[in-house]
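Novice: the sequence isn't on hand, but the structure is:
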(Lines give C-alpha, C1' and ligand atoms only; values in the text may rest on other atoms or scores of the structure.)
Protein backbone atom coordinates (compact mmCIF):
# COMPACT_ATOMS: atom_id res chain seq x y z
CA UNK A 1 0.00 0.00 0.00
CA UNK A 2 1.24 3.47 -0.76
CA UNK A 3 1.88 6.13 1.85
CA UNK A 4 -0.57 8.53 0.21
CA UNK A 5 -3.09 9.69 2.86
CA UNK A 6 -5.85 9.50 0.27
CA UNK A 7 -5.12 5.80 -0.31
CA UNK A 8 -5.22 5.17 3.42
CA UNK A 9 -8.63 6.84 3.68
CA UNK A 10 -9.96 4.73 0.80
CA UNK A 11 -8.72 1.61 2.59
CA UNK A 12 -10.28 2.73 5.88
CA UNK A 13 -13.62 3.58 4.26
CA UNK A 14 -13.73 0.23 2.48
CA UNK A 15 -12.98 -1.58 5.77
CA UNK A 16 -15.94 0.21 7.37
CA UNK A 17 -18.04 -0.89 4.41
CA UNK A 18 -16.96 -4.51 4.86
CA UNK A 19 -18.16 -4.38 8.47
CA UNK A 20 -21.67 -3.33 7.38
CA UNK A 21 -21.77 -5.40 4.16
CA UNK A 22 -23.65 -8.36 5.66
CA UNK A 23 -26.56 -6.07 6.56
CA UNK A 24 -27.50 -5.38 2.94
CA UNK A 25 -26.83 -2.47 0.60
CA UNK A 26 -29.16 0.07 2.20
CA UNK A 27 -27.91 -0.52 5.75
CA UNK A 28 -24.31 -0.68 4.54
CA UNK A 29 -24.58 2.77 2.93
CA UNK A 30 -26.27 4.23 6.02
CA UNK A 31 -23.80 2.57 8.39
CA UNK A 32 -20.75 3.77 6.49
CA UNK A 33 -22.12 7.30 6.25
CA UNK A 34 -22.96 7.44 9.96
CA UNK A 35 -19.59 6.04 11.04
CA UNK A 36 -17.60 8.42 8.86
CA UNK A 37 -19.73 11.38 9.96
CA UNK A 38 -19.19 10.56 13.64
CA UNK A 39 -15.54 9.61 13.67
CA UNK A 40 -13.67 11.29 10.83
CA UNK A 41 -12.23 14.74 11.34
CA UNK A 42 -12.88 17.61 8.87
CA UNK A 43 -9.49 17.17 7.20
CA UNK A 44 -10.21 13.49 6.49
CA UNK A 45 -13.66 14.38 5.17
CA UNK A 46 -12.26 17.06 2.87
CA UNK A 47 -9.73 14.58 1.47
CA UNK A 48 -12.23 11.77 0.86
CA UNK A 49 -14.78 14.19 -0.66
CA UNK A 50 -12.13 15.44 -3.10
CA UNK A 51 -11.25 11.85 -3.96
CA UNK A 52 -14.94 11.08 -4.52
CA UNK A 53 -15.27 14.13 -6.77
CA UNK A 54 -12.29 12.91 -8.79
CA UNK A 55 -14.07 9.63 -9.52
CA UNK A 56 -13.60 7.72 -6.28
CA UNK A 57 -11.08 5.20 -7.59
CA UNK A 58 -10.79 2.19 -5.33
CA UNK A 59 -13.93 2.87 -3.31
CA UNK A 60 -16.39 0.00 -3.06
CA UNK A 61 -19.76 0.93 -4.64
CA UNK A 62 -21.72 1.21 -1.38
CA UNK A 63 -18.90 3.19 0.23
CA UNK A 64 -18.79 5.53 -2.75
CA UNK A 65 -22.55 6.02 -2.46
CA UNK A 66 -22.27 6.72 1.28
CA UNK A 67 -19.54 9.31 0.78
CA UNK A 68 -21.56 10.98 -1.97
CA UNK A 69 -24.58 11.24 0.33
CA UNK A 70 -22.46 12.64 3.15
CA UNK A 71 -20.91 15.22 0.85
CA UNK A 72 -24.31 16.24 -0.53
CA UNK A 73 -25.67 16.65 3.01
CA UNK A 74 -22.63 18.72 4.04
CA UNK A 75 -23.01 20.98 1.01
CA UNK A 76 -26.74 21.42 1.67
CA UNK A 77 -26.01 22.27 5.32
CA UNK A 78 -23.46 24.89 4.28
CA UNK A 79 -26.00 26.52 1.94
CA UNK A 80 -28.74 26.61 4.59
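Specialist: Thanks, I have the structure now. Note that the structure is a prediction, hence the values are computed from the model and not measured. Numbers count the residues shown, from 1 in each chain.

Novice: got the contact list for residue 74?
Specialist: By Cβ atoms under 8 Å, 6 or more residues apart in numbering, residue 74 lies in contact with 45, 49. For the C-beta atoms, the positions are set from N, CA and C on the backbone; glycine is no exception.

Novice: what helix or strand does the spatially most central residue of the chain sit in?
Specialist: For the chain, the residue nearest the mean C-alpha position is residue 67 (3.6 Å; Cα atoms, centre = their mean). Using DSSP states H and E, the element containing residue 67 is helix 61-79.

Novice: what residues sit buried inside that helix?
Specialist: Using 16 or more other Cβ atoms under 10 Å as the test for burial, helix 61-79 gives 62-68, 70-71.

Novice: the residue nearest to the centre of the chain and residue 61, how far apart?
Specialist: Distance, residue 67 to residue 61, using Cβ to Cβ, to the nearest Å: 11 Å.

Novice: for residue 24, same thing?
Specialist: Distance of residue 24 to residue 61, computed by Cβ to Cβ: 13 Å.

Novice: residues near residue 40, how many?
Specialist: Residue 40 has 18 neighbours, counted by other Cβ atoms under 10 Å.
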